[in-house]
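**Student:** no sequence for this one, just the structure:
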């Protein structure tokens, strides 16, 4: 991402470009203003994940570059850094559970895992089910839930039962303001993940008639934070852009839900969720407004940024805080909060203000998110 933080030095930078050698990156002039962005989430089944780079403007369209994938395109993400960690696709409500006493994946049969299928589920309103999902704050390197760190010794790596989550529903008659996120069950796989040269080896099979074990080598690519793999198709997938090429993502999401301020009800599946690229230093915080939102947003300048408020250790810094699905007869749901906007610091340290405009189409269908952003 390339963007100028201080507009007043623009003329000096442009004058100096003639001195830049042909094989050096030239810094383009920044746009004068930000943009209004329509996010192609895809409607009330919210089939798409969308990753947006706020400061990589598409010249012809005058809007930030977007990377889009179907949320069913992947199952697991394999970390490409020094550690050996694996994440699951929370946009499908996936879960994972260790198969007790299993040492040979080819010998795991249906009778060994029947009771585990009832346990490893999202949305059971049991706080214990948090252990079967990734830590929702996104800090996968230190999480003690989900899939364990992959050990050097093959025998030290457990055999898991993985719930692949739910398909995107094939429905069309969804009421205004509603969503339908969970279609048919995708299925279950027994899986063991090992280390390989510069990467991972994944061994997996169906549980029913699963004596034939499939294997696939997943290489680490240092240009990306994760290498992705689809357990249903047995194929790798390209999902995230390169490391520093996205700031903000739109997706369905497996989060933790609470019955009270400190009373967890375990994992729960969310629509209309926003994540930020904390892996590459993106941070965000909420600005509360007591008066007119448009006026407060327009008046907010770079000097008003409070560095101490940024959240860099939780990719839910925006999360679901921009909208609500509860309300009153006078203020029907769902709707966007009109008393807040957000400040975002991108992967290169530049600042933006972000204001959400909608989460529905003109006809009232969910899954049509839009927002405004402006550089500071």
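**Tutor:** Looks like it came in fine. No experiment lies behind these values; they were computed from the predicted model shown.
**Student:** how about stretch 315-327: buried residues?
**Tutor:** Judged by neighbour count (16 or more other C-beta atoms under 10 Å), stretch 315-327 contains these buried residues: 315-319, 322-323, 325. Heads up, the C-betas are built off the backbone N, CA and C, glycines and all.
**Student:** whoops, stretch 211-225 was the one
**Tutor:** By 16+ other C-beta under 10 Å, the buried positions in stretch 211-225 come out as 218, 220, 224-225.
**Student:** Now, the buried residues of stretch 315-327 that are in strands?
**Tutor:** residue 323 (DSSP state E).
**Student:** Residue 352: which of the buried residues of stretch 315-327 is nearest?
**Tutor:** Closest approach between these and residue 352, by C-beta to C-beta: residue 318, at 11.9 Å.
**Student:** How confident was the prediction at the closest residue to that closest one other than its chain neighbours?
**Tutor:** Nearest residue to residue 318 in three dimensions, chain neighbours excluded: residue 274, at 4.2 Å (C-beta to C-beta, 6 or more residues apart in numbering). Listed pLDDT for residue 274 reads 98.
**Student:** did I read that right, residue 274 in a helix?
**Tutor:** No - counting by DSSP: H, G, I helix; E, B strand; the rest coil, residue 274 falls outside a helix, being strand.
**Student:** Now do it: how many residues are near it, please.
**Tutor:** Residue 274 has 25 neighbours, counted by other C-beta atoms under 10 Å.
**Student:** quick one: it and residue 247 touch, right?
**Tutor:** No - Residue 274 is beyond contact range of residue 247, at 10.7 Å (criterion: C-beta atoms under 8 Å).
**Student:** still on that earlier bit, so which of the buried residues of stretch 211-225 sit within strands?
**Tutor:** Of the buried residues of stretch 211-225, the ones assigned to strands by DSSP E are residue 218.
**Student:** Output the buried residues of stretch 211-225 in JSON lines, with pLDDT appended to each entry.
**Tutor:** Output for the buried residues of stretch 211-225, formatted as JSON lines (pLDDT from 0 to 100):
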{"residue": "218", "pLDDT": "97"}
{"residue": "220", "pLDDT": "97"}
{"residue": "224", "pLDDT": "97"}
{"residue": "225", "pLDDT": "97"}
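**Student:** quick one: which of the buried residues of stretch 211-225 is nearest to residue 235?
**Tutor:** Distances from residue 235 to the buried residues of stretch 211-225, taken by C-beta to C-beta, are shortest for residue 218, at 11.1 Å.
**Student:** nearest residue to that closest one other than its sequence neighbours?
**Tutor:** In space, residue 218 is closest to residue 200, 4.5 Å off (C-beta to C-beta, 6+ apart).
**Student:** what's the helix or strand for that neighbour?
**Tutor:** Following DSSP states H and E, one finds residue 200 within strand 199-206.
**Student:** what helices or strands is that strand leaning on?
**Tutor:** strand 76-79, strand 188-196, strand 214-219 (3 or more C-beta pairs under 8 Å, 6 or more residues apart in numbering; DSSP states H and E).
**Student:** quick one: which of those strands is nearest residue 235?
**Tutor:** Among the helices and strands packed on strand 199-206, the nearest to residue 235 by C-beta to C-beta is strand 214-219 (8.5 Å).
**Student:** Partner strands of the closest one, with direction?
**Tutor:** Note on strand 214-219: by DSSP bridges, its sheet partners are strand 199-206 (antiparallel).
**Student:** Tell me which residues of the strand it pairs with come out buried.
**Tutor:** Going by neighbour count (16+ other C-beta under 10 Å), the buried part of strand 199-206 is 199-205.
**Student:** And for stretch 70-86?
**Tutor:** Buried, per 16+ other C-beta under 10 Å, within stretch 70-86: 71-80, 84-86.
**Student:** Name the nearest of these relative to residue 141.
**Tutor:** Among these, residue 85 lies closest to residue 141 (C-beta to C-beta), at 5.9 Å.
**Student:** can you tell me which residues contact that closest one?
**Tutor:** For residue 85, the contacting residues are 79, 140-141, 147, 149-150, by C-beta atoms under 8 Å, 6 or more residues apart in numbering.
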